[in-house]
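Chemist: here is a sequence together with a model predicted from it:
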Amino acid sequence: MDWSAARHLPHSSVAPLPVVTPRTNDALGATLATPLTARLAHPPHDTAAMDGYAVTGQAPWQVVDRVMAGQVPRGPLGAGQAVEIATGAMVPDGTDSVLPYEHATRSGDVVKGTVPSGRHVRRSGEEVPAGTELAPVGTRVTPTVLALAASAGHDTIAVHPRPRVAVVVTGDELVHEGIPGSGRIRDAIGPMMPGLVTWMGAELTGVDHVPDTGDALRSALAAEADVVVTTGASSVGARDQLPRVLTELSAELLVNGVACRPGHPQLLARLGDRHVVGMPGNPLAALVAAVTLLDPLVRALAARPIAPLAEAAVSGEVTSHERMTRLVPVEVEAGWASPVGRDRPGMIWGAALADALAVVPPGWDGRRVGLLPLPPR
Ligand SMILES: Nc1nc2c(c(=O)[nH]1)N[C@H]1C(S)=C(S)[C@@H](COP(=O)(O)OP(=O)(O)OC[C@H]3O[C@@H](n4cnc5c(N)ncnc54)[C@H](O)[C@@H]3O)O[C@H]1N2
Ligand code: MOO
């Protein structure tokens, strides 16, 4: 399948996860499924914007009370009266303005000073009338959206949750610490995935290492998750079990091979209510599959749109392939993309020094490239 078609496929073929209503504070990273509206006005009552005196009528004023934050004034303010007041405290009915301490002269219970009418009083609903739509459906719940939801009175919010992603690393040759012995290599993809999955906005349920057998892969695919990502075992070798196991499980193959370099043997399959992303074992090829299929899948499940590609002019040597889209690790600076090299499929070195993967389609005109961002360096 064409690279761009593969990247866009999750948005036409995969429905968002069902709506849930977690406690507001637990909804970080999810996507609003209903518009966020103000359940209360902001400010909720007339409040002082400065520490000083709430006053009404002409100076001098008689100080009759004191209202600190969270307290309710005992009664309305009459002409010639003042109450000492804290920023954010509720002003008494009848308050005209707040005279800041800096502009006030007090002797005993009498205060003097000048303040224009209406100054330093925030009126109820002046910033947000109750019922206002604050954020539309599809908004990602960021830390500031959480703050907004809480201040608007929401104890729970309706969201599409962050997809749960389980990572399954195959490869009998892999070791996870020390210097590998003959025939063995260090696992590079297992360490890459947690940060990548979290950066994409999904929730990692775990990274499992399984032997290269059909049985092990089959039971790993049953992980409790919305998406199971496998690495390795995707090609046509004697121990490359994934295509066979998916056929045995009657999985529906949505993408089976993508016309890109590296990362050709990547796949996307539906298995009941879960999805499987099969990533090649070569580490750069795995990264390509993660940004080509996994990131759009996570977004589709989370009801978020696919990210539009930024563009850059190219400085340095980049060649296109006659049939395949090439994905080339580049540094990006001031609108220019420069290849960093060290980009053979088995090497993760170049990608580790890159800001993005440049998208070089077949028949590229040699001018601008699309950029798939990598996690910030
Ligand atoms: N006859 C063919 N052979 C291959 C083809 C093909 O079309 N016909 N495609 C090649 C391409 S392209 C790729 S990419 C790989 C994909 O292979 P698999 O996904 O089956 O992965 P493995 O065979 O298990 O491993 C490939 C390579 O990557 C190393 N590897 C695996 N896992 C890790 C890891 N977690 N960390 C670091 N390195 C890893 C592994 O040792 C192999 O060197 O197939 C080609 N072959
Ligand atoms: O897809 Mo493979 O990455 O070219 O080695």
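Modeler: Received the coordinates, thanks. Ligands and ions are numbered 1, 2, ... in the order given.
Chemist: for the stretch 51-200 of the chain, which segments count as helices?
Modeler: 143-151, 189-199 (DSSP state H, counting those that start in this stretch).
Chemist: mind listing what's buried along the shortest one?
Modeler: Translated: helix 143-151. Going by neighbour count (16 or more other C-beta atoms under 10 Å), the buried part of helix 143-151 is 145, 146, 148, 149. In short, each C-beta sits where N, CA and C put it, glycine included.
Chemist: contacts only, for the second one.
Modeler: Residues near residue 146 by C-beta atoms under 8 Å, 6 or more residues apart in numbering: 24, 25, 27, 28.
Chemist: ditto for residue 90
Modeler: 45, 46, 47, 67, 71, 72, 73.
Chemist: nearest to ligand 1, of the contacts of residue 146?
Modeler: residue 28 (29.7 Å; C-beta to the nearest ligand atom).
Chemist: need the max-distance pair from the contacts of residue 90.
Modeler: Spanning the widest gap among the contacts of residue 90 are 46 and 71, at 13.9 Å by C-beta to C-beta.
Chemist: counting neighbours, go ahead and name the busier of the two.
Modeler: residue 46 (19 against 13; other C-beta atoms under 10 Å).
Chemist: what distance do you get for that one to ligand 2?
Modeler: Separation of residue 46 from ligand 2 (C-beta to the nearest ligand atom, to the nearest Å): 65 Å.
Chemist: wait, that residue touches residue 95, no?
Modeler: Yes: assessed by C-beta atoms under 8 Å, residue 46 is found in contact with residue 95 at 6.7 Å.
Chemist: shared neighbours, these two?
Modeler: residue 121.
Chemist: give me the neighbour count for the residue of the chain found nearest ligand 1.
Modeler: Residue nearest to ligand 1 within the chain (C-beta to the nearest ligand atom): residue 281, separated by 2.5 Å. Counted with other C-beta under 10 Å, residues neighbouring residue 281 total 25.
Chemist: and it, what does it touch?
Modeler: Contacts of residue 281 (C-beta under 8 Å, 6+ apart): 170, 171, 189, 231, 232, 233, 234, 235.
Chemist: which one of the contacts of residue 90 is nearest ligand 2?
Modeler: Closest approach to ligand 2 among these (C-beta to the nearest ligand atom): residue 47, at 61.1 Å.
Chemist: show me what from this structure comes close to ligand 2.
Modeler: Contact residues, the chain versus ligand 2 (C-beta under 6 Å from any ligand atom): 261, 262, 263, 264, 265, 280, 282, 285, 345.
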